[in-house]
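Visitor: Would you be able to build a 3D model of this:
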Amino acid sequence: MSDARTPAQIEADIKSRRDQLAVTLDEIGVRLHPKTIVGDAKARVASTVDQTAGRAFVAVNRTVSDVKAQFVSEDGSPRLERLVPVALVAVGLVGLLALSTRRRRA
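Guide: Residues are numbered from 1 along each chain as shown. Coordinates of the predicted model:
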């Protein structure tokens, strides 16, 4: 048995390779087109921003939950032993700010 190919088979192989090469070149052209490059860059930036925003949200949510746990008991009632001192400090700061504003105007 001979492994020799006929001219028609060789021509068919050449045509097939030529078609594959044309597809590959078209794909390269699309990938290297400036709009494609810009679009890919925008997508990467958007993905990075989304990931960063997601991490920030989780961190803020965790912090808020931790602070809330300091001032609200597990059953949902306020912890007055912690809220009253914080409220007094806040009122004192507001009072000091009000006094300093009045002194500046006078």
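
Visitor: From A43, how far off is the residue nearest to the spatial centre of the chain?
Guide: Centroid check for the chain by CA atoms, centre = their mean gives D50 as the closest residue, at 1.6 Å. Using CB to CB, to the nearest Å, D50 is found at 10 Å from A43. (Each C-beta comes from the backbone N, C-alpha and C, glycine too.)

Visitor: So for L97, what's the pLDDT?
Guide: pLDDT for L97: 93.

Visitor: again, but for E74
Guide: Confidence for E74, expressed as pLDDT, is 87.

Visitor: Which of the helices or strands spans it?
Guide: Counting by DSSP states H and E, no helix or strand carries E74.

Visitor: do the same with V64
Guide: helix 34-71.

Visitor: what about this protein, any weak spots by pLDDT?
Guide: Within the chain, the ranges that satisfy pLDDT under 70 run 1-2, 106.

Visitor: The helix holding V64 packs against which elements?
Guide: helix 80-105 (3 or more CB pairs under 8 Å, 6 or more residues apart in numbering; DSSP states H and E).

Visitor: now whatever helix or strand D26 lives in against helix 34-71, angle please.
Guide: Assessed by DSSP H and E, D26 sits inside helix 7-32. Compare the direction of helix 7-32 with that of helix 34-71 by axes from the mean of the first three to the mean of the last three CA atoms, to 10 degrees and you get 50 degrees.

Visitor: on that earlier part again, by how many degrees do the helix holding V64 and helix 80-105 diverge?
Guide: Using the same axes, to 10 degrees: helix 34-71 against helix 80-105 is 110 degrees.
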